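# Need a 3D model of the sequence below.
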Amino acid sequence: MYIIQNVQLIDGTGNAPVSNAVVVVEENKIRYAGPANGYTLTGKETVIDGNGGTVMPGMIDTHVHMRLEYKPMAQALTTPFSYGFYEAINYFQRTLDAGVTSVRDALGADLGMKLAIENGIITGPRMQVSINALTITGGHGDGYTVSGTTVDLLASDYPGMPHGMCDGVEEVRKKTREMLRAGAEVIKVHATGGVLSATDHPEFAQFSEEELRVMVEEAEFRKGTKVMAHAQGAQGIKNAVRAGVHSIEHGIFIDDEAIELMLENGTYLVPTLLAPVAVLETAHEVGMPETAIQKSKEVIEIHRESFTKAYKAGVKIAMGTDAGVFKHGTNLRELGLMVDAKMTPMDAIVASTKTAAECLGWEDRLGTLEQGKLADLIISSNDPLSDIHGLANTDNIQFVMKDGVIEKSLLA
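Residues are numbered from 1 along each chain as shown. Okay, here's the model as predicted:
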């Protein structure tokens, strides 16, 4: 049994912080979280001094690519296929060290990677996997280039990783079933073009509403599974929401009608504000294509404006980053960007904990520091309510516990 003391408590519910708080962990669950004077020591506790830091729920990133990290194309083409799985071990560790204890993988991680973490073979965040994304011919996710060569970001169509390309209702139905068979816990679809794809644009709608509806129905019918949609253009967003998609990823060109539809349907927005920002920062280092650089420049400001509009309207927002397009372990920069776009620091924390857990369907066990929840928590040396950007500094994340196990401690 652990007792964490000498901390400020932000429990993830949105309630005011509690100074001079304690958190008690018994086995892998929270036994108590609240004012120090509300708990009586039994003498069985191992004391952890939080050094006056802030204890919060483990952060949840609802949009990552744990199998990937963008690199120059020449390097990618000369790297053996299996090497990427060993690289991912480092990505997992960096993510956990940054304070992210759970993730939803938006394509690229197969069931084996998830099980390797669950079975203790490697260390990493808890995972919900989509396996691979459904995409149309010529859409975001089709690696065809104008030279006639096809270059995928990851090697698709190997055991446990079906290729996601499909056109027409019956192909869509079959491909959805293939992803579920491979272990998908959420279905990922590209409902519009994207910033990184060479032959389309973020505003181009992909898949008809009927095709999208088949994915939703098939996923729900087969396993009660939700659908997450990469959707950047307004028409594609609206198609996805009308079809019953659970979450909109990116939402760059969201309009008023789309916002109203999302509010009516309870659809989540996963904004990934960091993605185009990081693309521009690392473009030359990693050899980003010129098309991606130009599209990133085009969308950054409107992306921020769309986020602000959706937030002010009351759309449910879950934190997600698109880590893998840029370096893993930098995830918590997203909170600062959300605050820069007019979200309050407390709401940014809730979006990264409670709301993110709800988006993943894990709200019964994660997302808040409350009795009976799993003991996923972090301690930051800075006060995020006065310095939300400080969370982006991994050194400020002094302590990480996942499922009752101490994964990182820099505490004296």
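# What residues sit buried inside stretch 102-121?
By 16 or more other Cβ atoms under 10 Å, the buried positions in stretch 102-121 come out as 102-111, 113-114, 116-117. Glycine gets a C-beta too; all of them are placed from N, C-alpha and C.
# From those, pick the one nearest residue 367.
Within the buried residues of stretch 102-121, proximity to residue 367 (Cβ to Cβ) peaks at residue 102, which comes in at 8.8 Å.
# I'd like the buried residues of stretch 102-121 as CSV, with pLDDT, secondary structure and distance to residue 240 appended.
CSV is the format used below for those (pLDDT from 0 to 100; DSSP: H, G, I helix; E, B strand; the rest coil; distance: Cβ to Cβ, whole Å):
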residue, pLDDT, secondary structure, distance to residue 240
102, 99, strand, 24
103, 98, strand, 22
104, 98, strand, 17
105, 98, strand, 19
106, 98, coil, 14
107, 96, coil, 16
108, 95, coil, 21
109, 97, coil, 22
110, 96, coil, 25
111, 98, helix, 25
113, 97, helix, 27
114, 98, helix, 25
116, 98, helix, 32
117, 98, helix, 30
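# Among those, which one sits closest to residue 135?
Nearest to residue 135, judged by Cβ to Cβ, of these is residue 107 at 9.5 Å.
# Who's the closest spatial neighbour of that closest one, skipping the chain neighbours?
If the residues on either side of it in the chain are set aside, residue 107 comes closest to residue 133, at 4.4 Å by Cβ to Cβ, 6 or more residues apart in numbering.
# Pretty sure that neighbour sits against residue 186.
No - because the distance of 10.7 Å does not satisfy Cβ atoms under 8 Å, residue 133 is recorded as not touching residue 186.
# Now for residue 401, how many residues are close by?
Residue 401 is flanked by 25 other residues according to other Cβ atoms under 10 Å.
# ok, and it, which helix or strand is that part of?
Here residue 401 sits within strand 397-402, counting by DSSP states H and E.
# Name the residues of the helix ranked longest in the chain that are buried.
In the chain, taking DSSP state H as the definition, the longest helix is helix 290-313. Residues 292-293, 295-296, 299-300, 303-304, 306-307, 309-311 are the ones in helix 290-313 that count as buried (16+ other Cβ under 10 Å).
# Nearest to residue 19 among those?
residue 311 (27.9 Å).
# For that closest one, give me its contacts.
Contacts for residue 311 were tallied using Cβ atoms under 8 Å, 6 or more residues apart in numbering; they are 317, 338, 341, 342, 343, 347.
# Now a ChimeraX select for only the buried ones of those.
Remark: buried members of the contacts of residue 311, expressed as a ChimeraX selection using 16+ other Cβ under 10 Å:
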select :317,338,341,343,347
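# quick one: which of the contacts of residue 311 is nearest residue 358?
Residue 358 lies nearest to residue 317 out of those, by Cβ to Cβ, at 11.0 Å.
# Okay, that closest one and residue 334: tell me how far apart.
11 Å (Cβ to Cβ, to the nearest Å).
# Spit out the residues that contact those two alike.
Common contacts of residue 317 and residue 334 (Cβ under 8 Å, 6+ apart): none found.
# all helices for the stretch 301-412 of the chain, in order.
333-340, 345-351, 354-360 (DSSP state H, counting those that start in this stretch).
# Of the buried residues of helix 290-313, which pair is most distant in space?
293 and 311 (27.4 Å).
# which parts of stretch 263-273 are buried?
Quick answer for stretch 263-273 (16+ other Cβ under 10 Å): 267, 268, 269, 270, 271, 272, 273.
# So which of those residues belong to strands?
Among the buried residues of stretch 263-273, DSSP state E puts 268, 269, 270 in strands.
# Skip the chain neighbours and tell me the closest residue to the first one.
Yep, that's residue 268 we're talking about. Here the residue nearest residue 268, using Cβ to Cβ, 6+ apart, is residue 247, at 4.0 Å.
# In a markdown table: the ones in strands among the buried residues of stretch 263-273, plus pLDDT and distance to residue 164.
What follows is these, written out as a markdown table (pLDDT from 0 to 100; distance: Cβ to Cβ, whole Å):
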| residue | pLDDT | distance to residue 164 |
| --- | --- | --- |
| 268 | 98 | 22 |
| 269 | 98 | 23 |
| 270 | 98 | 19 |
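# Throw the residues you listed into JSON lines and include distance to residue 407, thanks.
As requested, those are exported to JSON lines (distance: Cβ to Cβ, whole Å):
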{"residue": "268", "distance to residue 407": "27"}
{"residue": "269", "distance to residue 407": "29"}
{"residue": "270", "distance to residue 407": "25"}
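# out of those, who's nearest residue 279?
Using Cβ to Cβ, the shortest approach to residue 279 within those belongs to residue 270, at 17.1 Å.
# Confirm for me that the closest one is in contact with residue 229.
No - using Cβ under 8 Å, residue 270 makes no contact with residue 229, being 9.8 Å away.
# Return every residue with contacts to both of those two.
With Cβ under 8 Å, 6+ apart as the test, residue 270 and residue 229 both reach 247, 248, 249.
# in the helix or strand of the chain with the lowest mean pLDDT, what counts as buried?
Counting by mean pLDDT, DSSP states H and E, the chain has its least confident helix or strand at helix 73-77, which shows a mean of 82. For helix 73-77, the neighbour count (16+ other Cβ under 10 Å) marks residue 76 as buried.
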